[in-house]
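In: Give me a 3D structure for the following:
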Amino acid sequence: MEAYVMDKRIDYDGSQISSLWAYSAFGIQSDSIIAFRGACDVFPEHMIDLEDRRQNESIESPDMLHFIVEHFDSTDLKLVYARQRLLATIFASVLTDKGIAVERKGDDLFVDGKKLSVSIASTSAISQKIHFGVNVSHDFYGNLKDAGMTEKQAVNLMDVVSKKYVFEIEDIEADLRKSRQLGVF
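Out: I've put the predicted structure just below:
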């Protein structure tokens, strides 16, 4: 699995969750986690959460950290939702280690009762995809700036969280290769 942290800003519009985006944009064909910073404004045609779409919700932020994950080993929707929760848990753990009180409810993170993150997971015919975004600044929702993080600390989270996610996935893969099946001696 490959981690790639972009050094330039790009805005997330929902198109980045399409299959093979990492390959199209960066030539990365393996399982990957791509991190970047930018605004968020999900276009209705890219909105995956049908509940949000039915209620005409907007998914917007002026400044977020974005993580786009793609796995090619399965198209199982339940597995990608478990991986999405793993990513949210990793992010929450990193913030907790930095002294920020964060609460995780499912795939959402909250600081001081305010929603800090947005996330979606889905599958295509060839892969699983996750988008996980965290507000760096926002006038209404929870954000890293109000939680006490400097801009440099917030940007550094892209590298830290990406590496921890890769470690966990690779560690799971290693465990799979050392565990015998039940009933096999």
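In: can you list the weak-confidence ranges in this structure?
Out: Across the chain, the ranges flagged by pLDDT under 70 are 43-58.
In: Report the central residue of it.
Out: Nearest to the geometric centre of the chain sits residue 132, at 2.8 Å (CA atoms, centre = their mean).
In: mind listing the helices in the chain by residue range?
Out: Using DSSP state H, the helices of the chain run over residues 21-26, 50-54, 77-97, 151-176.
In: unless I'm mixing things up, the residue nearest to the centre of the chain is touching residue 117, no?
Out: Yes - counting by CB atoms under 8 Å, residue 132 does reach residue 117; the two are 6.6 Å apart. C-beta: built from backbone N, CA, C; applies to glycine.
In: Now do the longest strand along the chain against helix 151-176, angle only.
Out: Ranked by residue count under DSSP state E, the longest strand found in the chain is strand 60-71. Relative orientation of strand 60-71 and helix 151-176, computed by axes from the mean of the first three to the mean of the last three CA atoms, to 10 degrees: 20 degrees.
In: elements contacting strand 60-71?
Out: If you count contacts as 3 or more CB pairs under 8 Å, 6 or more residues apart in numbering; DSSP states H and E, strand 60-71 packs onto helix 21-26, strand 32-41, helix 77-97, strand 128-137, helix 151-176.
In: Strand partners (parallel or antiparallel) of that strand?
Out: Paired with strand 60-71 in the same sheet, following DSSP bridges, are strand 32-41 (antiparallel), strand 128-137 (antiparallel).
In: any idea which of those is most buried?
Out: strand 128-137 (a mean of 23; mean count of other CB atoms under 10 Å).
In: Only alpha carbons, please: show that strand as PDB.
Out: Taking C-alpha atoms only, strand 128-137 is exported to PDB below (Å, rounded to 0.1, in the frame of the first residue of the first chain):
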ATOM      1  CA  GLN A 128     -13.300   0.200  -2.600                       C
ATOM      2  CA  LYS A 129     -13.000   3.900  -2.000                       C
ATOM      3  CA  ILE A 130     -13.100   6.200   1.000                       C
ATOM      4  CA  HIS A 131     -13.100   9.900   1.400                       C
ATOM      5  CA  PHE A 132     -12.300  11.300   4.900                       C
ATOM      6  CA  GLY A 133     -12.100  15.000   5.300                       C
ATOM      7  CA  VAL A 134     -11.400  17.100   8.500                       C
ATOM      8  CA  ASN A 135     -12.000  20.800   8.800                       C
ATOM      9  CA  VAL A 136      -8.800  22.900   9.300                       C
ATOM     10  CA  SER A 137     -10.900  26.000   9.800                       C
END
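In: No further questions, thank you.
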